[in-house]
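>>> no sequence for this one, just the structure:
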């Protein structure tokens with residue numbers, strides 16, 4: 001008879017739910033450990049005027065950092081990196097964290113508020129909350145341009161507002177690291193999830209070809225034309241197609257994909273979000289939908 005060997009593997013609950021194994025580490029402990037690190041704020045300390053601007057920014061947004069160096073790091077652009085050690089910028093690490101935190105809370109919100117929303121529509125709503133232009137608007141609204149530390153040569157002809165979206169993501173990462181998930185969630189709820197998003201539009205976007213076809217027919221306007229602009233690796237397992245959607249000579253959409261149809265669909269979606277955005281609210285999809293039978297490539 002074979003001897004019975006006792007199982008030494010950890011219990012499933014401890015593997016699947018690590019928070020049951022040990023209490024969550026207090027945010028102050030995390031902050032204390034970070035404080036021991038050499039941060040961008042210590043290598044490139046802010047001037048008196050910069051420090052004053054950051055303090056005003058924190059007060060106006062009711063931000064109370066245990067480790068103020070993290071706030072400085074979040075608002076310090078990568079142009080402050082040393083030419084000898086270009087990876088020494090803490091802002092990028094905070095942005096990495098923010099890019100994980102922000103989608104988590106937004107996805108949770110969408111799933112809770114709209115439980116019957118299809119996955120493709122959820123992705124579209126996610127972009128409405130966290131798209132680059134949206135985050136830039138939010139970052140500007142909370143006052144990031146007046147507090148951000150960025151070297152002029154890095155901006156070129158742009159303004160600090162142009163980088164507000166990226167700095168906002170770093171700020172969210174800094175709040176999470178300094179104060180924990182609850183504070184980060186509250187900031188996201190206040191500034192990101194408080195925006196009004198018409199979910200009905202994103203339901204319609206599940207049928208982009210039908211939607212654009214309907215808009216064109218109802219308006220009596222010219223029909224956009226799709227043309228293939230790129231074909232690469234056609235004989236390989238991962239071909240890439242590029243499709244441009246034009247209205248006359250004007251490019252109103254562009255998309256890429258593993259098939260020409262996929263690229264065309266993405267170009268149509270971009271055109272709907274930009275060129276035809278005003279018509280989306282008042283357009284009703286027909287009762288009979290033939291999404292697969294509609295194309296904007298010339299016959």
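Structure's in. What do you need? Please read all numbers here as calculations on a predicted model, not as lab measurements.

>>> okay, CA-based contacts and neighbour counts for the rest of this
Fine.

>>> Now do the top helix by length along the chain: which elements does it pack against?
Determined from DSSP state H, the single longest helix within the chain is helix 90-113. Packed against helix 90-113 by the contact rule (3 or more CA pairs under 8 Å, 6 or more residues apart in numbering; DSSP states H and E) you find helix 68-74, helix 119-130, helix 164-179, helix 181-191.

>>> buried stuff in that helix?
Taking 16 or more other CA atoms under 10 Å as the neighbour-count basis, helix 90-113 is seen to contain the buried residues 90-95, 97-99, 101-103, 105-107, 110.

>>> so where's the chain uncertain?
The chain contains residues with pLDDT under 70 at 1-42, 82-88.

>>> swap the cut-off to 50 and go again
Scanning the chain with the threshold set as pLDDT under 50 gives 8-23, 25, 27-32, 34-36, 87.

>>> how far away is the residue nearest the centre of it from residue 273?
Against the mean C-alpha coordinate of the chain, by CA atoms, centre = their mean, the closest residue is residue 130 at 4.1 Å. Between residue 130 and residue 273 the distance is 14 Å, computed by CA to CA, to the nearest Å.

>>> quick revisit: just send the helices and strands packed on helix 90-113 back as JSON lines, with distance to residue 287 too.
Written out in JSON lines, the entries for these read as follows (distance: least, CA to CA, whole Å):
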{"stretch": "helix 68-74", "distance to residue 287": "50"}
{"stretch": "helix 119-130", "distance to residue 287": "19"}
{"stretch": "helix 164-179", "distance to residue 287": "40"}
{"stretch": "helix 181-191", "distance to residue 287": "36"}
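
>>> Of those, give the one that comes closest to residue 206.
helix 119-130 (6.3 Å; CA to CA).

>>> Pull out the buried positions in the closest one.
Residues of helix 119-130 classed as buried under the neighbour-count rule (16+ other CA under 10 Å) are 121, 122, 124, 125, 126, 128, 129, 130.

>>> List just the nearest of those to residue 75.
For the buried residues of helix 119-130, the nearest to residue 75 is residue 130 (19.1 Å; CA to CA).

>>> circling back: which of the buried residues of helix 119-130 lies closest to residue 70?
Distance ranking of these against residue 70, using CA to CA, places residue 130 first at 22.8 Å.

>>> Tell me, how many residues neighbour the nearest residue to residue 165 once chain neighbours are set aside?
Leaving aside its chain neighbours, residue 165 sits nearest to residue 136 (3.8 Å; criterion: CA to CA, 6 or more residues apart in numbering). Here the number of neighbours of residue 136 (other CA atoms under 10 Å) works out to 21.

>>> I'd like the distance between residue 136 and residue 282.
For residue 136, the distance to residue 282 (CA to CA) stands at 27 Å.

>>> The residue nearest to residue 165 contacts residue 163, correct?
Yes. Between residue 136 and residue 163 there is a contact under CA atoms under 8 Å: 6.9 Å.

>>> what's the distance between residue 194 and residue 188?
Residue 194 is 8 Å from residue 188, by CA to CA.

>>> and these two? which has more neighbours close in?
Counting neighbours by other CA under 10 Å for residue 194 and for residue 188 shows that residue 188 has the greater number, 18 against 10.

>>> any idea how far residue 75 is from the more buried one?
To residue 75, residue 188 is 17 Å away according to CA to CA.

>>> which residues in the protein form strands?
225-232, 240-247, 250-257 (DSSP state E).

>>> Same question for the last one: list its buried residues.
Residues of strand 250-257 classed as buried under the neighbour-count rule (16+ other CA under 10 Å) are 251, 252, 253, 254, 255, 256, 257.

>>> Turn these into a markdown table, columns for distance to residue 177.
Below are the buried residues of strand 250-257 laid out as a markdown table (distance: CA to CA, whole Å):
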| residue | distance to residue 177 |
| --- | --- |
| 251 | 43 |
| 252 | 41 |
| 253 | 39 |
| 254 | 38 |
| 255 | 37 |
| 256 | 36 |
| 257 | 37 |
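
>>> distance of residue 273 from residue 219?
Residue 273 sits at a distance of 17 Å from residue 219 (criterion: CA to CA).

>>> Comparing these two, which residue is more hemmed in?
Applying other CA under 10 Å to residue 273 and residue 219 shows that residue 273 carries more neighbours, namely 18 against 10.

>>> wait, what's in contact with residue 118?
If a contact means CA atoms under 8 Å, 6 or more residues apart in numbering, then residue 118 has residue 203 as its contacts.
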